[in-house]
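Peer 1: Show me how the following folds:
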Amino acid sequence: MKIIEALANKSRDNFGNRSPVIAFLGDSVTQGCFEIYRDGELLRTVFDSDNGYVEKTKQILRMMFPETSVSVINAGINGGSAKNGLERLQRDVLCHDPDLVVVCFGLNDCNDNSVEKADYKAALKEIFAQVHAAGKEVIFMTPNRMNAYVGHTVTDDYAKHLGELFATRQNNGYFDAFIEAAREACAEEQVPVCDCYRYWCSMDAQGVDTTALLSNGLNHPTRDMHSLFAWELVRTMFRIK
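Peer 2: Numbering: from 1, shown residues only. Model (predicted):
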């Protein structure tokens, strides 16, 4: 991809090229949210972006191109969806003139009863179209699996309610249908897919307890699992299948 060319060119001629910029548009996982806890009436999350896949991706690229500086824009927002990602695309992403935009939505979209699969797909397609119209590269990264059951680590009553909803939609194919719609949008708009969801499903099919790999027991991957996203993204940038 051109982002790798830009990194290599910067490495060869540091003064003659600008620092490549990668912008990440997504939800709480992109932002770097992990465990959840009760704070009075509110259910809050632990923010730890230093251990999220955005920073881990930056670290990998800096390891590969040590003479090259690379800037990242983390436009992930807790509770974000494809629809509001589209609404803030210009403000939060394109205004920074990125070389590459990484998009990751789906977890909140499939659990919003006001959002149909077709709405999710249409919002993604418009995001891709606007990024392409701005002359930028884009990758869509599929999210992780949600919980398949409500485990003992989920103790809050409202969190248990969410866990039951998420598990139902994970296990009955509802979430799968949203991910397939995203893949269709990527095919139609010629957008490369970093298919981490396929990776998670493969692990599940081969006996891995993927629910145990969620820091909040619901939908936030552990810090270690963010490394999977980062490495898969770099593989996609290098077009490694």
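Peer 1: Can you tell me the centre-most residue of this protein?
Peer 2: By CA atoms, centre = their mean, the mean C-alpha position of the chain lies nearest to residue 104, the distance being 3.5 Å.
Peer 1: I figured that residue was touching residue 138, is that so?
Peer 2: No - assessed by CB atoms under 8 Å, residue 104 is found out of contact with residue 138, at 11.3 Å. Any C-beta I mention is one placed from the backbone N, CA and C, and that applies to glycine too.
Peer 1: Find the residues that touch each one of those two.
Peer 2: Here residue 104 and residue 138 share no contacting residue, scored by CB atoms under 8 Å, 6 or more residues apart in numbering.
Peer 1: pLDDT wise, what is the residue nearest to the centre of the chain at?
Peer 2: Reading off the confidence values, residue 104 has pLDDT 98.
Peer 1: number of nearby residues for residue 111?
Peer 2: Look at residue 111: counted by other CB atoms under 10 Å, it has 18 neighbours.
Peer 1: Same question for residue 133.
Peer 2: Using other CB under 10 Å, residue 133 has 9 neighbouring residues.
Peer 1: tell me the phi and psi of it?
Peer 2: The phi/psi pair for residue 133 (degrees, to the nearest 10) reads phi -60, psi -30.
Peer 1: ok, it - contacts?
Peer 2: Residue 133 makes contact with no residue, according to CB under 8 Å, 6+ apart.
Peer 1: Apply 10 Å and report the result again.
Peer 2: residue 94 (CB atoms under 10 Å, 6 or more residues apart in numbering).
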